[in-house]
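In: what's the 3D shape of this:
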Amino acid sequence: MHRSRVYALLIDTPEAEASDATAFWSAALGAPAEPAPEQGQFTVLHEAVPGIVAAVQAVDDTARYHIDIETDDVEAETARLVALGARQEAQWLECRILRAPGGHLLCVVPVHSDPEFFNSRASSWP
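Out: Prediction:
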């Protein structure tokens, strides 16, 4: 048995436009923007979506949105989502990058939330 939950909504933005996108989304959502420590490609939009991390991510690709699913077992959650029809596209560090039916990207990541918060919000899977 493992557990997972939606952890983050990422606004993927071409690197050259990330500063303007961050300013826009911060103002549009009324959320203070703060660069993520030690992960320069992310700028967190604090409390833009309560209970979920929202951030602008500078990417070397096209603009899009994606979600991160955090889990206490990355391999099991990846296998569960693949069985549901997703395809694993890549791996970056501990993160598995998947493509869902319909073409949307999503990432499966280890638990980043406070353990008590994760435990209270995660779904259990066989």
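
In: Start and end of stretch 18-38, how far apart?
Out: Chord length of stretch 18-38, first to last residue, is 17 Å (C-alpha to C-alpha, to the nearest Å).

In: Mind listing what's buried along it?
Out: Within stretch 18-38, the residues scored as buried using 16 or more other C-beta atoms under 10 Å are A18, A21, T22, W25, S26, L29, A31, A33. The way it works is simple: take the backbone N, C-alpha and C, and place the C-beta from them, glycine included.

In: try stretch 41-48
Out: Within stretch 41-48, the residues that count as buried by 16+ other C-beta under 10 Å are Q41, F42, T43, V44, L45, A48.

In: would CSV of the residues you listed with pLDDT, secondary structure and distance to G103 be doable?
Out: Listed next are those as CSV, based on pLDDT from 0 to 100; DSSP: H, G, I helix; E, B strand; the rest coil; distance: C-beta to C-beta, whole Å:
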residue, pLDDT, secondary structure, distance to G103
Q41, 91, coil, 22
F42, 95, strand, 23
T43, 96, strand, 25
V44, 96, strand, 26
L45, 97, strand, 25
A48, 95, coil, 25
